[in-house]
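**Q** Generate a structure from the sequence data that follows.
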Amino acid sequence: MEHTFTATIKSVLGKHFKSHAEEIFEKSLLVQYINEKTRSAGKGSKARSSFANLYAIYVVVEDYLIKGFDTKLDYSRYEGAEFSNLFTRQRELPFGSKLQTHALNNRLNAEFQKYFPNAEYIPIIRNLETNRYWINENLLKINVGKTSFSIAATVIEIIDEYMRTKQGAFDRFVATCSELQQIGNESTEKVQDFISSLLAPDVDARLFEIVSYSILKYYYHDQEIFWGFDRTKLTQESLKLYKTGRTNANDGGIDFVMRPLGRFFQVTESLDFKKYFLDIDKIKKYPITFVIKSEDSIDQLKNRIQDNANKTYSIKTVVEKYMSCIEEVINIPELNDRFGEAVKQGYLNHILDEIVVQSKVEFNYQERR
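**A** The predicted model follows:
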């Protein structure tokens, strides 16, 4: 499948392999996989970036090149790269500071096999006893006629180009936010349209979580409750929503927590009921609200989760117990409605400021001079 960034990939291949570039593109499963994972390059900062799996490839191929195996014949005798070094290197790369271990450990290989079920090789070889890792050299050597070409350096250059493209897109996103911050009081409609555009099914999952949090934080901001242990001495307190950590973090399925009600919120784009039930299990069936990156109606989403669960579980009481733990479902239309309410309360610029702050932290953004 060709997309905007495919031209860049083919340009890099052409620079290295001249007339053989097209054939290498067609023969290399690794290049085809990278082509698939870089589809968001032409969609700006809002689209999913897929850095985790690309960076897993990057660091093992980079290790291969640094050790000089592209010019040696004895990679089979290499003791392998240490996991800690690869993982540290991943987090040094642009937008990689909070990446987790999943891609290196299995996610890359599993997804590669999904794309190429008949492939003879997987990208990463690992020894669980020694915690050492290798790139599968068979994927780096492409035969064209009687000539074998190494694509190791080319793979690094392609991913480098993708990094630069995404960095540029995010620079433009931050610049747009900054511009809107400056004119916020003069053009509220423009600011509102921009934020609404971030509530879409194809938006990067991390950015969607940030925007959802920023909207809900100010939607609940002016709502007050009275509570206390003595009915004659009640405390009046506004609802406060807290972001519990980084997006996509392994934190037991809690993205936001509300005080003083103690409500839990989880943001997701998955419609797999197993994912919902797993989150519920992690918090011992404590009630949880799901913010779902979908434009389907709330009833449709709930029915889909329950119907799929009923097909798997033969005991309906088990499914009903899980479903009763879903305190509320918030979809994209509901988020837009709540955004509109927060705007009426005068919090439009506060929401934009929160998006900028959270985005810079989340994407480890440093403004370039």
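**Q** which other helices and strands contact the helix ranked longest in the chain?
**A** Longest helix in the chain by number of residues, with DSSP state H as the criterion: helix 152-183. Secondary-structure packing of helix 152-183 (3 or more Cβ pairs under 8 Å, 6 or more residues apart in numbering; DSSP states H and E): helix 6-17, helix 29-37, helix 51-66, helix 188-197, helix 348-362. Quick note: C-beta positions are derived from backbone N, CA and C, even for glycine.
**Q** Measure how the fourth one sits relative to helix 152-183, angle-wise.
**A** The directions of helix 188-197 and helix 152-183 differ by 150 degrees, with axes from the mean of the first three to the mean of the last three Cα atoms, to 10 degrees as the criterion.
**Q** okay, and for this protein, where does confidence drop off?
**A** Applying pLDDT under 70 to the chain flags the ranges 41-49, 184-185, 246-253, 364-369.
**Q** what about the most far-flung residue of the chain relative to its centre, which SS state?
**A** In the chain, the residue that sits farthest from the middle, by Cα atoms, centre = their mean, is residue 232; the gap is 48.5 Å. On the three-state scheme (DSSP: H, G, I helix; E, B strand; the rest coil), residue 232 is labelled coil.
**Q** Any chance of the backbone angles for it?
**A** Phi and psi for residue 232, reported as degrees, to the nearest 10, are phi -90, psi -10.
**Q** distance of it from residue 226?
**A** 12 Å (Cβ to Cβ, to the nearest Å).
**Q** Please tell me how far the residue nearest to residue 196 when sequence neighbours are not counted sits from residue 120.
**A** With sequence-adjacent residues excluded and distances taken as Cβ to Cβ, 6 or more residues apart in numbering, residue 196 is closest to residue 336, at 6.3 Å. Applying Cβ to Cβ, one obtains 48 Å for the distance of residue 336 from residue 120.
**Q** Have a look at these two and say which one is more surrounded.
**A** residue 336 (15 against 9; other Cβ atoms under 10 Å).
**Q** can you tell me the helix or strand for that one?
**A** In this structure, residue 336 sits in helix 332-344 according to DSSP states H and E.
**Q** What helices and strands are in contact with that helix?
**A** When contacts are defined as 3+ Cβ pairs under 8 Å, 6+ apart, helix 332-344 sits against helix 188-197, helix 205-219, helix 348-362.
**Q** let's see 10 Å
**A** Contacts defined by 3 or more Cβ pairs under 10 Å, 6 or more residues apart in numbering; DSSP states H and E place helix 332-344 against helix 188-197, helix 205-219, strand 288-292, strand 326-330, helix 348-362.
**Q** Buried ones in the last one, by neighbour count?
**A** In terms of neighbour count (16 or more other Cβ atoms under 10 Å), helix 348-362 has its buried residues at 348, 350, 351, 352, 354, 355, 356, 358, 359, 362.
**Q** Next: the fourth one.
**A** By neighbour count, and taking 16+ other Cβ under 10 Å as the criterion, the buried residues in strand 326-330 are 326, 329, 330.
**Q** cool, and stretch 270-284?
**A** Neighbour counts over stretch 270-284 (16+ other Cβ under 10 Å) mark 271, 273, 275, 276, 277, 279, 280 as buried.
**Q** What of stretch 187-203?
**A** Neighbour-count burial for stretch 187-203 [16+ other Cβ under 10 Å]: 191, 192, 194, 195, 196, 198, 199, 203.
**Q** end-to-end on that stretch?
**A** 24 Å (Cα to Cα, to the nearest Å).
**Q** just to revisit the earlier point, for the buried residues of strand 326-330, which one is nearest residue 55?
**A** Among these, residue 330 lies closest to residue 55 (Cβ to Cβ), at 31.5 Å.
**Q** And residue 52, how close does it get to residue 102?
**A** Separation of residue 52 from residue 102 (Cβ to Cβ): 7 Å.
**Q** ugh, wrong one, I meant residue 207
**A** 20 Å.
**Q** between residue 52 and residue 102, which one's more packed in?
**A** Counting neighbours by other Cβ under 10 Å for residue 52 and for residue 102 shows that residue 52 has the greater number, 21 against 15.
**Q** Contacts for the strand or helix carrying residue 242, please.
**A** Residue 242 is part of strand 240-243, with elements assigned from DSSP H and E. Applying Cβ atoms under 10 Å, 6 or more residues apart in numbering, the contact partners of strand 240-243 are 209-210, 213-221, 223, 254-261, 263, 265, 354, 358, 361-362.
**Q** What distance do you get for residue 310 to residue 322?
**A** Separation of residue 310 from residue 322 (Cβ to Cβ): 11 Å.
**Q** Surely residue 2 and residue 22 touch.
**A** No: contact between residue 2 and residue 22 fails when scored by Cβ atoms under 10 Å: they sit 11.9 Å apart.
**Q** intersection of neighbour lists for the two?
**A** Contacts common to residue 2 and residue 22, judged by Cβ under 10 Å, 6+ apart, are residue 10.
**Q** ok, residue 88 - contacts?
**A** Here residue 88 is in contact with 59, 82 (Cβ under 10 Å, 6+ apart).
**Q** Show me which residues of the helix or strand hosting it are buried.
**A** Using DSSP H and E, residue 88 falls within helix 83-92. Neighbour counts using 16+ other Cβ under 10 Å place 83, 86, 87, 89, 90 of helix 83-92 among the buried residues.
**Q** After it, heading C-terminal, what element do we hit next?
**A** Sequence order places helix 102 as the next helix or strand after helix 83-92, per DSSP H and E.
**Q** Just name whatever secondary elements that next one is in contact with.
**A** helix 51-66.
**Q** Quick check: which helices or strands does the helix it packs on pack against?
**A** Contact here means 3+ Cβ pairs under 10 Å, 6+ apart; on that basis helix 51-66 packs against helix 29-37, strand 81-82, helix 83-92, helix 102, helix 108-115, strand 124-127, strand 132-135, helix 152-183.
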